[in-house]
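K.L.:
Have a look; sequence and predicted model below, questions after that.
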Amino acid sequence: MGVSRLDVFYRRLLLTKLFIGGWGKPEDLKRIFEFRKIIGDRERCRSLVPKDYPVYINKTEEHADCKIHDGFFISPLEHLVPGILPPEAVKARFQFIVPKRWQKNRPVCIHLAGTGDHFFWRRRTLMARPMVKEAGMASLLLENPYYGYRKPKDQLRSSLKNVSDLFVMGGALILESTVLLRWLEREGYWPLGMTGISMGGYMASLAVTNWPKPIPLIPCLSWSTASSVFTTADSFKMGPEFAKNVDSSENLFVLSRDDRVSLGQNSKPGGDAEAGRGLLIGGGLEGDSAKVDQLFSSMNSSGLSLDTLARGLANNTLLGKKTDFAKCYRPSLHRESISFMKGVMDECTHMANFSVPVDTSLIIVVQAKEDAYIPRTGVLSLQEIWPGCEVRYLNGGHVSAYLFKQNVFRQAIYDTFNRFCLKYPNLH
């Protein structure tokens with residue numbers, strides 16, 4: 001099967017400026033790891049968000065076929081992990097597009113934003129307004145943390161500054177989706193479902209793992225882990241580019257080589273054929289808080305960190321000696337950096353580390369046959385993680401499907417909602 005050249009070009013263009021600030025604060029990373037173990041277990045999350053969590057509507061616009069409500073609430077992540085969100089992202093904003101005439105029931109689909117989808121115009125124009133006309137279905141568009149109104153002042157466009165920002169975004173969206181689903185239930189809307197395209201589909205999948213009831217889910221052009229996107233050779237670059245803005249000891253992610261080697265013996269989620277390359281922290285640390293503590297206490301040890309190594313290479317000095325960059329920057333160092341990043345990504349983002357949705361038959365996954373934006377080699381498919389879900393394939397690549405196949409995504413939404421209504425007609 002071929003791959004889309006447009007996807008290859010777009011991927012290289014998009015990923016070159018990610019994570020210029022490094023890993024983020026070690027103390028934040030430790031809190032994220034600990035919270036991931038809670039949020040990955042649906043039973044432990046039942047009481048995290050109160051059923052009457054306050055949601056506010058502050059503006060309403062009248063249109064010929066619908067009403068558009070602007071609303072907001074405080075992200076529950078701010079209460080559960082204080083200070084982990086940037087100040088601009090604490091207030092979660094959304095737009096609710098409601099048809100003036102319902103065709104059947106009062107269905108609402110929550111749409112999470114894909115990469116670069118700031119504010120609401122794109123999802124409103126390409127998905128929500130057509131869904132009002134075609135199916136009389138309402139849409140709720142949630143603004144991602146780090147995007148649009150929630151973007152930190154020092155962030156350049158969609159380029160997340162730290163690796164930890166991606167994990168914070170996912171945790172926030174899981175909790176915020178729970179707030180909105182419970183609010184919609186209180187307001188009498190039914191049935192409720194979730195969707196998203198690309199990163200939005202992945203985030204919607206994460207959110208559904210936390211919901212304690214059967215729910216329609218339509219992830220489009222999505223994947224089972226973020227590591228497949230961010231840790232391939234053309235996207236993760238260790239060296240001067242990664243070290244430019246690492247100018248504080250609080251940004252160092254120090255892990256001794258012995259720790260990295262010992263943790264790298266496990267390969268839990270992903271089933272990578274090249275298990276030796278993947279530092280899958282999910283396998284080494286899952287359910288073992290002592291090892292998590294060991295991992296982060298080693299940040300203050302004398303071990304060699306990736307950021308320190310990168311800075312040393314950038315300055316042509318390493319361990320106090322003049323170093324030839326070309327000799328030190330061996331492929332093995334690059335592979336080790338990728339393996340370390342893969343391990344951290346898999347621990348916090350791999351779908352296998354989260355609960356399985358209550359009813360996987362209510363999931364329709366839409367994928368592009370020639371997708372080259374999301375690498376799939378050595379990555380578990382959603383079908384393997386969630387047996388019983390349906391996968392639909394469309395011709396073309398990731399970018400062309402996003403631009404020209406929105407009608408296919410909408411049809412998958414309608415089909416999934418209809419399937420839910422037939423299977424659970426009395427589940428209100």
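P.N.:
Arrived safely, thanks for sending.
K.L.:
going forward, measure contacts between C-alpha atoms and count neighbours the same way
P.N.:
OK.
K.L.:
tell me the contacts of residue 358?
P.N.:
If you count contacts by CA atoms under 8 Å, 6 or more residues apart in numbering, residue 358 has them with 209, 211-215.
K.L.:
Nearest to residue 25, out of those residues: which one, please.
P.N.:
Among those, residue 209 lies closest to residue 25 (CA to CA), at 27.6 Å.
K.L.:
Return the residues in contact with that closest one.
P.N.:
Here residue 209 is in contact with 40, 42, 354-358 (criterion: CA under 8 Å, 6+ apart).
K.L.:
again, 7 Å this time
P.N.:
Residue 209 is in contact with 42, 354-357, counting by CA atoms under 7 Å, 6 or more residues apart in numbering.
K.L.:
just residue 143 next, same as before
P.N.:
Residues in contact with residue 143 (CA under 7 Å, 6+ apart) are 92-94, 113, 119.
K.L.:
Quick one: which of these is the most crowded by neighbours?
P.N.:
residue 113 (28 neighbours; other CA atoms under 10 Å).
K.L.:
Can you give me the pLDDT of it?
P.N.:
The model reports residue 113 with a pLDDT of 92.
K.L.:
gap between it and residue 106?
P.N.:
When distance is defined by CA to CA, to the nearest Å, residue 113 is 23 Å away from residue 106.
K.L.:
Likewise for residue 348?
P.N.:
Distance from residue 348 to residue 106, by CA to CA: 35 Å.
K.L.:
Who has more neighbours out of these two?
P.N.:
residue 348 (28 against 17).
K.L.:
Quick check: that one is in a strand.
P.N.:
No. Under the criterion used here (DSSP: H, G, I helix; E, B strand; the rest coil), residue 348 is helix, not part of a strand.
K.L.:
Looks like it contacts residue 167 (just checking).
P.N.:
Yes. If you go by CA atoms under 7 Å, residue 348 and residue 167 touch, sitting 6.4 Å apart.
K.L.:
in the chain, which spans are strands?
P.N.:
Remark: strands assigned in the chain by DSSP state E are 56-62, 66-74, 91-99, 108-112, 138-142, 192-197, 217-220, 317-318, 321-322, 364-368, 390-394.
K.L.:
looking at those strands, which has the lowest confidence?
P.N.:
Checking each of those, the one with the poorest mean pLDDT is strand 317-318, at a mean of 36.
K.L.:
Switch the contacts of residue 358 over to TSV; also include distance to residue 57.
P.N.:
Listed next are the contacts of residue 358 as TSV, based on distance: CA to CA, whole Å:
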residue	distance to residue 57
209	27
211	23
212	26
213	26
214	27
215	25
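K.L.:
and those as JSON lines, adding pLDDT?
P.N.:
Below are those laid out as JSON lines (pLDDT from 0 to 100):
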{"residue": "209", "pLDDT": "93"}
{"residue": "211", "pLDDT": "95"}
{"residue": "212", "pLDDT": "94"}
{"residue": "213", "pLDDT": "95"}
{"residue": "214", "pLDDT": "97"}
{"residue": "215", "pLDDT": "97"}
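K.L.:
just to revisit the earlier point, between all of the contacts of residue 143, which two are separated the most?
P.N.:
Every pair of the contacts of residue 143 checked by CA to CA; the farthest is 92 and 113, at 13.1 Å.
K.L.:
Show me which helix runs longest in the chain.
P.N.:
The helix spanning the most residues in the chain, taking DSSP state H as the definition, is helix 163-186.
K.L.:
Can I get that one as PDB, trimmed to CA atoms?
P.N.:
Taking C-alpha atoms only, helix 163-186 is exported to PDB below (Å, rounded to 0.1, in the frame of the first residue of the first chain):
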ATOM      1  CA  VAL A 163       6.700  17.500  26.100                       C
ATOM      2  CA  SER A 164       4.700  17.700  29.300                       C
ATOM      3  CA  ASP A 165       2.200  20.100  27.600                       C
ATOM      4  CA  LEU A 166       0.900  17.200  25.500                       C
ATOM      5  CA  PHE A 167       0.200  15.100  28.600                       C
ATOM      6  CA  VAL A 168      -1.500  18.000  30.400                       C
ATOM      7  CA  MET A 169      -3.700  18.600  27.300                       C
ATOM      8  CA  GLY A 170      -4.900  15.000  27.300                       C
ATOM      9  CA  GLY A 171      -5.600  14.900  31.100                       C
ATOM     10  CA  ALA A 172      -7.500  18.100  30.900                       C
ATOM     11  CA  LEU A 173      -9.600  17.100  28.000                       C
ATOM     12  CA  ILE A 174     -10.600  13.800  29.600                       C
ATOM     13  CA  LEU A 175     -12.000  15.600  32.700                       C
ATOM     14  CA  GLU A 176     -13.500  18.500  30.700                       C
ATOM     15  CA  SER A 177     -15.300  16.000  28.400                       C
ATOM     16  CA  THR A 178     -16.800  14.400  31.500                       C
ATOM     17  CA  VAL A 179     -18.000  17.800  32.700                       C
ATOM     18  CA  LEU A 180     -19.800  18.500  29.400                       C
ATOM     19  CA  LEU A 181     -21.300  15.000  29.100                       C
ATOM     20  CA  ARG A 182     -22.800  15.300  32.600                       C
ATOM     21  CA  TRP A 183     -24.000  18.800  31.900                       C
ATOM     22  CA  LEU A 184     -25.700  17.700  28.700                       C
ATOM     23  CA  GLU A 185     -27.400  14.800  30.600                       C
ATOM     24  CA  ARG A 186     -28.700  17.200  33.200                       C
END
